[in-house]
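Colleague: Provided below for reference: sequence and predicted model.
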Amino acid sequence: MDFRTKIDIPPSDLQISHKSRILMFGSCFIENIGRLLIDNKFKANLNPFGVLYNPQSISQALQLLIDEQSFGASHIFEYKGLYHSFSHHSSFSHYDKEACLEQINNRLKLASADLLQADVLFITFGTAYVFRNKESGEVVGNCHKLPANHFDRYMLNVEDVVSDWRNLLKQLKEVNPSLQIVFTVSPIRHLKDGAHDNQLSKSVLLLAINELCTSDHSLHYFPSYEIVLDELRDYRFYNEDMVHPSSIAVRYIWERLSATYMHNETLLIIDEWRKIFLALNHRPLNVDSEEYKLFLRQTLLKLKAFDDKYPYICCEQEISDIANRI
C-alpha cells in the first residue's frame, strides 16, 4: 500500500545541464533551490534584486533588466540611518549612499547581461498581495518597515497578473528568443494574510500561471506547491515555525526537479561533484596536522581532475582556496 499521494510530473522537453545559463527570481523558496544549483556548480544568477514575493514586483525587476536601467540617488531613500531601494530586498540596504548604489548597479549590470544570454529563467511567485506606495503610486518589492500608512495593500487578481506578464513575456522573447521559463508557486504559506486569504492568494497565482503556460510551449510549470501540500503534508517536513519547508523537504523538491529537468549525464556530474563538495567543506580538528595537509593535497588533485574533465564548469575559486590552505 502507498500511504501518500505522489504528484505526477509529466516528462519535460526542457533539459537543464551544467552548460545551461540560469537566471532566478522570486521568494525565499527560490533561494533554497538556487543555492542547491550553485552548490552543485550550475551557472545560476540568483535573485539579483534579493527576495521578491509578488508577480508585479518581479515583473518590474525584469523590466529594469530589459531596459538596462541603472540607479541614481533619486531611486533610493534614507530611513533610520540606512539607504534603501523599494525595488530591492533589505540585503541591498546600506548606511553609505554610494555603497548602496554601487551594490545595486553592479548586480543590475551583471543580471542585464545574463538575461540576454540565459537559457532558463526560474520564477517563483510567493503571494498575490502587493503594497503600493501612496506617494509614487508604484508597487514596491519591499516596504523596509516604513509605517503602514505609507502604503495601500491589496490582492492582485488573475487578469492583473496575466495582462502584466503577457506584455513582459513578449519583451523577454524579443531580447532573448530562445529563453525557456519555469514558473513555480512557493509552498510557503503567508499566514499573516490569514489562512483563507493565503489560499485565495495562492489560487490567483496558480490560475494566472496556468493561463500563461497554456499559450506558450516555452513556458513551464513545476509543482513545488503541490509537492509540499500533498506529498509532504506532514508537519515533520516543516521547520519549527510550521510554515517554511524543512531542509529534508527542500532536498526532496530538488530531487523531483532534478529528475524532471536533468539527464542522467547531469545527475552523474552532480554525484561526482558532491564528493568533492563535502571534502571542500570538511572542518578538521587540527588544521596544522600532516594528516589534514595530505587530505587537502588529495582533494586538490581530485578538484583539478574534475576541472579538466568538465572544462565548462568553473572551479577556479575552489582550486585557489584549497591551494591557499595547503
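Modeller: Here it is on my side, so go on.
Colleague: what's opposite the residue nearest to residue 202 when sequence neighbours are not counted in the beta bridge?
Modeller: On the basis of C-beta to C-beta, 6 or more residues apart in numbering, the spatially nearest residue to residue 202 that is not a chain neighbour turns out to be residue 185, at 6.1 Å. (C-beta placed from N, C-alpha, C; glycine too.) For residue 185, the beta-bridge partners under DSSP bridges are residue 125.
Colleague: any idea how far residue 33 is from residue 185?
Modeller: 13 Å (C-beta to C-beta, to the nearest Å).
Colleague: where do the strands sit along the stretch 201-326 of the chain?
Modeller: With DSSP state E, counting those that start in this stretch, the ranges of strands along the stretch 201-326 of the chain come out as 219-221.
Colleague: about what we covered before: got any residues that touch both of residue 185 and residue 33?
Modeller: Shared contacts of residue 185 and residue 33 (C-beta atoms under 8 Å, 6 or more residues apart in numbering): 124, 224.
Colleague: more neighbours: the two, which one.
Modeller: It is residue 185, of residue 185 and residue 33, that has more neighbours when counted by other C-beta atoms under 10 Å, with 27 against 22.
Colleague: list the contacts of that one.
Modeller: Per C-beta under 8 Å, 6+ apart, neighbours of residue 185: 124-126, 202, 205-206, 209, 224-225.
Colleague: how far away is it from residue 302?
Modeller: 39 Å.
Colleague: surely residue 78 is in a strand?
Modeller: Yes - assigned with DSSP: H, G, I helix; E, B strand; the rest coil, residue 78 falls within a strand.
Colleague: need the pLDDT of it.
Modeller: The model reports residue 78 with a pLDDT of 97.
Colleague: of the contacts of residue 185, closest to residue 272?
Modeller: Nearest to residue 272 out of the contacts of residue 185 is residue 224 (C-beta to C-beta; 26.1 Å).
Colleague: residue contacts, the closest residue to that closest one other than its chain neighbours?
Modeller: Ranked by C-beta to C-beta, 6+ apart and with sequence neighbours excluded, the top spatial neighbour of residue 224 is residue 184, at 4.6 Å. Counting by C-beta under 8 Å, 6+ apart, residue 184 touches 26, 29-30, 122-125, 221-225.
Colleague: now do the phi/psi pair for residue 137.
Modeller: Phi and psi for residue 137, reported as degrees, to the nearest 10, are phi 80, psi 10.
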